[in-house]
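Chemist: I would like to see how this sequence folds:
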Amino acid sequence: MIEPPAVLATLAGSHVLAVPRGTDLAGLARAWFPAARWAREPVSAAQAAASRPMTGARFRGIAVAPVDPAGVLSLDDAVEVTGPYPLDAAGARALALPAQDCDLYGLPAAPVPGTTLAPGLVTGWATAVARRTGGGILPATRERAVVPDPAAAVDLTLWSPTPLRAEDALPLVRPALSGSRLSPVETAPPGAPGGFSLAATYEYDGVVTVRCARSNEMPVVLSTTDWRAHGPWAYQVTWQPPDPHELDLPHPSQLHVIARQRVAPSIARVVATLWRTAGGTVVDAGGFVVPHEEVDARARVR
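Modeler: Presented below is the predicted three-dimensional model:
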């Protein structure tokens with residue numbers, strides 16, 4: 001196991017993304033960068049051990065370079081992410097990262113010549129990955145770790161091939177948002193499918209809005225999935241807390257957190273119900289596909 005000082009020395013000058021051990025980083029990369037690929041596959045511990053230099057009199061004088069276990073994940077043929085470098089929970093805790101066995105990856109901290117990626121896109125992706133997986137980021141300056149709150153991302157969007165009429169969606173959504181007053185904000189002409197917006201207002205927890213609209217701009221991640229598994233109709237289920245400014249705070253108030261805990265299962269129930277009726281693929285606010293099992297698990301939380 002690599003100790004923290006050795007890891008940081010290896011990744012000196014790079015931002016460091018920490019994700020739970022065994023996370024499929026290539027899959028998460030393709031959600032934002034469809035052309036992402038392993039330019040060099042990571043080597044397992046067993047493969048690295050088998051490739052150690054040969055010893056003994058028979059092999060004296062034969063130079064065998066040790067195998068670098070880290071892989072190189074190319075995002076666009078110019079920007080590269082290196083890793084994984086394993087770190088145990090104690091080492092992660094010492095770096096103020098979530099205390100779990102994790103994999104570390106180095107990301108460029110300076111502009112990369114020849115890249116077509118917009119400035120900040122890679123660090124934005126790394127932040128979204130850290131939030132999605134419950135990981136963290138060490139900036140190149142090593143001032144302090146950035147640990148996004150995974151629970152902060154509650155909004156979900158169902159991308160479906162099937163449009164629903166407002167009058168058909170209303171009885172589906174109402175039970176999932178029980179205890180609230182559900183009223184149409186704007187609707188399509190009577191009998192027309194799609195194009196509606198419904199709002200559920202909670203006295204202390206803010207507003208949950210369900211919007212359905214056809215869109216020509218889909219998340220990048222849908223380009224990596226079967227076209228038959230999604231469609232152009234976006235059912236966006238979003239939450240506006242009593243104080244919207246708290247959405248951008250790294251440490252919101254306890255009242256905000258309690259309200260979020262109450263509405264998050266309702267949002268998942270709405271999406272699960274709509275998916276069972278209209279089909280499609282669920283994408284979270286970070287641009288990653290959310291499996292149906294996870295949506296159901298979120299809906300069961302009380």
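Chemist: from here on, just use CA atoms for contacts and neighbour counts.
Modeler: Fine.
Chemist: can you list contacts of the longest helix along the chain?
Modeler: The helix that spans the most residues within the chain, counting by DSSP state H, is helix 254-278. Outside helix 254-278, the residues that touch it by Cα atoms under 8 Å, 6 or more residues apart in numbering are 152, 154-158, 160-164, 169, 172-173, 176-177, 204-206, 208, 237-239, 241-243, 246, 281-282, 292, 295-296, 298-302.
Chemist: again, only using 6 Å
Modeler: V154, T162, V173, A176, L177, D205, V295, R298, A299, V301 (Cα atoms under 6 Å, 6 or more residues apart in numbering).
Chemist: got a PyMOL select line for the buried ones in the residues you listed?
Modeler: The following PyMOL line selects those of these that are buried, judged by 16 or more other Cα atoms under 10 Å:
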select buried, resi 154+162+173+176+177+205+295+298+299
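Chemist: what's the closest of the contacts of helix 254-278 to S215?
Modeler: The shortest approach to S215 among the contacts of helix 254-278 belongs to T162, at 12.7 Å (Cα to Cα).
Chemist: low-confidence ranges, the stretch 51-200 of the chain, go.
Modeler: For the stretch 51-200 of the chain, applying pLDDT under 70 flags the ranges 51-67, 179-194.
Chemist: circling back: now the two most distant members of the contacts of helix 254-278.
Modeler: Looking at these by Cα to Cα, the two members farthest from one another are T162 and D205, with 30.5 Å of separation.
Chemist: one step back: just put the contacts of helix 254-278 in a markdown table and tack on distance to D226.
Modeler: Supplementary listing: the contacts of helix 254-278 in a markdown table, determined by distance: Cα to Cα, whole Å:
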| residue | distance to D226 |
| --- | --- |
| V154 | 25 |
| T162 | 16 |
| V173 | 27 |
| A176 | 29 |
| L177 | 31 |
| D205 | 37 |
| V295 | 20 |
| R298 | 25 |
| A299 | 25 |
| V301 | 30 |
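Chemist: cheers, nothing more for now.
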